[in-house]
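K.L.:
following is a predicted model, sequence given first.
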Amino acid sequence: QVQLVESGGGLVQAGDSLRLSCAASGRTLNSYTMGWFRQAPGKEREFVAAITASTMTTRYTDSVKGRFSISRDNVRNTVYLQMNSLKPEDTAVYYCAADADKFILRVGLNEYDYWGQGTQVTVSS
């Protein structure tokens, strides 16, 4: 069992940057592929980015490529999402999630085994 806690969300203006953190406890994160998802009001939760455990291979949804960067620190048991050039359409609750298959990058919500509670990101125009 792993517990995930997100932090770093807030209210920013378009063009600003934020760095989200996801701290894990209970088990070491190097056993999991880690992902970030987001859910905007009235919309379904969607994949944003993911990173494998050992090779640090990454994958992004098209709308954030070139602006967001996912990274992980397996010593600190923490995953990060650096978000630059934020846009109003990035407004959402952001969730981190852990996939027990640490070698594969997957985008489906059902593929992930553990979820955090989420952190709100609001981008004003």
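P.N.:
Nice, thanks for sending it over. Residues are numbered from 1 along each chain as shown.
K.L.:
which parts of the protein are strands?
P.N.:
3-7, 10-13, 18-25, 33-39, 46-51, 58-60, 68-73, 78-83, 92-99, 114-115, 119-124 (DSSP state E).
K.L.:
now render these as CSV, adding mean neighbour count.
P.N.:
To be clear about C-beta, it is placed using only N, CA and C from the backbone, and glycine gets the same treatment. As requested, those are arranged in CSV below (neighbours: other C-beta atoms under 10 Å):
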stretch, mean neighbour count
strand 3-7, 17
strand 10-13, 13
strand 18-25, 19
strand 33-39, 24
strand 46-51, 22
strand 58-60, 17
strand 68-73, 18
strand 78-83, 22
strand 92-99, 23
strand 114-115, 17
strand 119-124, 17
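K.L.:
quick one: which of those is nearest Gly108?
P.N.:
Among the strands of the chain, strand 46-51 comes nearest to Gly108, with 7.6 Å by C-beta to C-beta.
K.L.:
now the closest one: mean pLDDT?
P.N.:
Mean per-residue pLDDT for strand 46-51: 98.
K.L.:
how distant is that strand from the center of its chain?
P.N.:
Taking C-alpha atoms, centre = their mean, to the nearest Å, one finds strand 46-51 lying 6 Å from the centre of the chain it belongs to.
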